[in-house]
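1. Sequence plus the predicted model coming up.
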Amino acid sequence: MRRSTNNWRTFIEEILISKNDYKIVSNEVKGEIQEVTYRSSNEESITSMIVSYFYRTGSLIAFRFYNPSVRGYNEFSKNAYFYSLQFTKPTSYGSPGLDYTEPNKKGLLSVFKKGITGKEIQYIKDNVIVKSEVSVLDGIDTHTYKYRFTKSPVIDILLNKNTNNDDHLEEKTIDLKTIFSGLIVE
């Protein structure tokens, strides 16, 4: 049975540390933002969870996963933030930061429980990820985002050389469930 909590930090720590064997590896305050990074106690896991709060209000700004094997997903998650009305029906935006309310707690628990659903297709040349296409399932909708990680020399751009030559790229598909399959939340 879940003990009574009164803020996001306590709520999230109970789920990650008490029920799922995670540990805090860093806790930093950067201006108005408190950022706490968690890692699994399982030494084989390379996925970190980075949780950001507004320092003064405690509102939850972001809960993102970082794993060096999914460069595109890492870029996607840098831009994923919570809004105050995110888990209301109908879903809306509202102000930045998720308030600590019952509907928001239930919404976040569902995110924890289901994990990441989607895939990343990486395009690789000479063992370097050149670009990535990330498709994530959000409820019933799939959203796709594209990222390019190589920069073209300015001289090539000025001479109108084809700087997006993607011939002979190796393709690798990663199921994002392998990065984060979900947590025990009961």
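-> That came through, no problem.
2. I figured Glu120 was touching Ile129, is that so?
-> No. Look at Glu120 against Ile129 with Cβ atoms under 8 Å: they stay out of range, at 9.6 Å. Every residue, glycine included, has its C-beta placed from N, CA and C.
3. Overlap of the contact sets of the two?
-> Contact criterion Cβ atoms under 8 Å, 6 or more residues apart in numbering; residues shared by Glu120 and Ile129: Gly72.
4. of the two, who's got more company?
-> Glu120 (26 against 21; other Cβ atoms under 10 Å).
5. If you average pLDDT per helix and strand, which one of the protein comes out bottom?
-> helix 154-158 (a mean of 56; mean pLDDT, DSSP states H and E).
6. any residues touching the helix or strand following that helix, and which ones?
-> Heading C-terminal from helix 154-158, the first helix or strand you meet, by DSSP states H and E, is strand 170-175. Applying Cβ under 8 Å, 6+ apart, the contact partners of strand 170-175 are Ser69, Val70, Lys119, Glu120, Ile121, Gln122, Tyr123, Ile124, Lys125.
7. Could you check the pLDDT of the nearest residue to Tyr93 once chain neighbours are set aside?
-> Counting by Cβ to Cβ, 6 or more residues apart in numbering, Tyr93 lies nearest to Tyr83, which is 4.4 Å off, once chain neighbours are set aside. pLDDT, Tyr83: 86.
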